[in-house]
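[1] Prediction below, plus the sequence it came from.
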Amino acid sequence: MDTVAVSVAGEPVVKTDSGFSRAAWFVVWMAMVGTVCCSTSVVLINVGVFMKPLGGAFGWNRGDIALSLSIGALSMAAANPFVGKLIDHFGVRPVLIGSLIGYGAATAAIPLMVQIGGLSGLYFGYALIAGVGAGSNVIAYVRVLSGWFSGALNSQRGLALGISSAGVPLGATITGPLGVLLIEHFGWRGGYWGLALLPICIGLPIAIFAIRVAPGESGGARASQNAGRDQLPGMTVTQAMGTRAFWLMIGIVLLMSSCLQGISIHTAPLLSDFGLKPEGLALVLAINGVLGIGGRVGAGYLFDRFFAPWVSVGIFGIAAAASFALVGLPGLLIAVLATMFVTVGSGAESDFVGYLVGRYFGLKCYGQIFGAIYGMFMVGIAAGPYLFGVAFDHFGDYKIPFTIAGFGLVLLCLLLVMLPRFETEAELAAAEMPAI
């Protein structure tokens, strides 16, 4: 089945007022802050920050340390469909609260796990953080916002998801430099202890007091949630798996995450190899985070106005060019600029997935479908950074993996143009305008 069964026009249209709109946008901003504190933003994205300190302390090579992210990513890939099912049945907030508490405690326990088990302890710790922390990630927030931004606010969904998912690069802007400075002053153990405070002290209050489902959606008992879910438009998981869009998105997400996260995770050690000092590295990571925020918000804004896969071709094309530049134009200045362009090019990652799942498959089984596709995102994270580290250990530089990543991103762009069409909000509005 190649046609889109759930179109923008097929979603329920309801009247809204300024109070509803204000409430919806309040949830957007709270979701952005919540995403800052998710396990990906706080721990997984900062493996590169801990790479050289852990290597210096224990003699582990970069491939060994990068494997911790791979193990964590596979753990999250396995957990995501289960988390999506829990969200569909019991609601977002219970899953979110439990996940924040669990992964915060696991992060604080990393030094103890390493002390007891060495490298195996590090691997177990990252598997625990990623598995327990799966519910703290974008899967929870995009489900909430897809409910708020349906019907009358449907035309603003892309921007809303872009703003909320900007919490990931905003989290990198905060936690990357924070991790560098914590390690510089308190060692790698202090780095993990400091980062563990973010989900407990900031993410947890947001989840308890600020995250709410839209009025009209079920919100309490399991039975009422199932009844409300049955009334939502969209496909079942089996129906979604019968579409061309589902399998194209699987391939797109795998290429996207393995290539872009492979580059991003190794940005810190790459720039350090070029002689960038810790203070300069913290500044570059902060700038990259700001650029990532702009990239995600800008991508979401454009998704509401143009066909999202075509917008993404331009975004990921920028990242492909930057990857080739890292190979052909060596030097610290080029490396800094290229990693910044990769950050801009990766601006469509998670909001791209959340946006298209809602557009192609609807809200009925949103959590499970998103969890399955986003699980492939984590498989890419498992493969990309690890293979980059292995290639560096073998060849002594990053030329081979950056070249492969560039070609992978080109292939990604080709898959994007194969996605089936759906009508954008701008096209629907133009079609509904009365003739003059």
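    In hand now; what should we look at?
[2] contacting residues around stretch 323-332?
    Residues outside stretch 323-332 that contact it (Cβ atoms under 8 Å, 6 or more residues apart in numbering): 259, 263, 270-271, 274-276, 334-335, 337-339, 341-342, 398-399, 402-403, 405-406, 409. (C-beta placed from N, C-alpha, C; glycine too.)
[3] What subset of those residues is buried?
    259, 263, 270-271, 276, 335, 338-339, 341-342, 398, 402, 405-406, 409 (16 or more other Cβ atoms under 10 Å).
[4] Can you pick out the most distant pair from these?
    For those, the maximum inter-member distance is 24.6 Å, found between Leu276 and Leu409 (Cβ to Cβ).
[5] Which helix or strand contains Ser323?
    Per DSSP states H and E: Ser323 is located in helix 308-328.
[6] With just CA atoms, put that helix into CSV.
    Presented in CSV, the C-alpha positions along helix 308-328 are these (Å, rounded to 0.1, in the frame of the first residue of the first chain):
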residue,chain,number,x,y,z
ALA,A,308,8.9,17.6,4.8
PRO,A,309,11.0,14.9,3.0
TRP,A,310,12.1,17.5,0.4
VAL,A,311,13.1,19.9,3.1
SER,A,312,15.1,17.1,4.7
VAL,A,313,17.0,16.5,1.5
GLY,A,314,18.5,20.0,1.7
ILE,A,315,19.2,19.6,5.4
PHE,A,316,20.9,16.2,5.2
GLY,A,317,22.7,17.4,2.0
ILE,A,318,24.4,20.0,4.0
ALA,A,319,25.6,17.4,6.5
ALA,A,320,26.9,15.2,3.6
ALA,A,321,29.0,18.1,2.2
ALA,A,322,30.4,18.8,5.7
SER,A,323,31.4,15.1,6.1
PHE,A,324,33.3,15.2,2.8
ALA,A,325,34.9,18.5,3.8
LEU,A,326,36.3,16.8,7.0
VAL,A,327,38.1,14.3,4.7
GLY,A,328,39.3,16.6,1.9
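[7] Let me see the mean pLDDT of the following helix or strand past that helix.
    Moving toward the C-terminus from helix 308-328, the next helix or strand (DSSP H and E) is helix 332-345. Confidence for helix 332-345, expressed as mean pLDDT, is 76.
[8] chain center to helix 332-345: distance?
    19 Å (Cα atoms, centre = their mean, to the nearest Å).
[9] Now the element after that helix, going C-ward?
    The helix or strand immediately downstream of helix 332-345 is helix 349-361, counting by DSSP H and E.
[10] which other helices and strands contact that following helix?
    Where contact means 3 or more Cβ pairs under 8 Å, 6 or more residues apart in numbering; DSSP states H and E, helix 349-361 is packed against helix 138-148, helix 157-165, helix 237-241, helix 244-265, helix 278-303, helix 308-328, helix 366-395.
[11] Apply 7 Å and report the result again.
    When contacts are defined as 3 or more Cβ pairs under 7 Å, 6 or more residues apart in numbering; DSSP states H and E, helix 349-361 sits against helix 138-148, helix 157-165, helix 244-265, helix 278-303, helix 308-328, helix 366-395.
[12] how about the CA coordinates for that helix, as PDB?
    Presented in PDB, the C-alpha positions along helix 349-361 are these (Å, rounded to 0.1, in the frame of the first residue of the first chain):
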ATOM      1  CA  GLU A 349      16.600  14.200  13.200                       C
ATOM      2  CA  SER A 350      14.000  13.500  15.900                       C
ATOM      3  CA  ASP A 351      11.300  16.000  14.900                       C
ATOM      4  CA  PHE A 352      11.500  14.600  11.400                       C
ATOM      5  CA  VAL A 353      10.600  11.100  12.700                       C
ATOM      6  CA  GLY A 354       7.900  12.400  15.100                       C
ATOM      7  CA  TYR A 355       6.300  14.600  12.400                       C
ATOM      8  CA  LEU A 356       6.200  11.900   9.700                       C
ATOM      9  CA  VAL A 357       4.900   9.200  12.000                       C
ATOM     10  CA  GLY A 358       1.900  11.400  12.800                       C
ATOM     11  CA  ARG A 359       1.400  12.400   9.200                       C
ATOM     12  CA  TYR A 360       1.600   8.900   7.700                       C
ATOM     13  CA  PHE A 361       0.200   6.700  10.500                       C
END
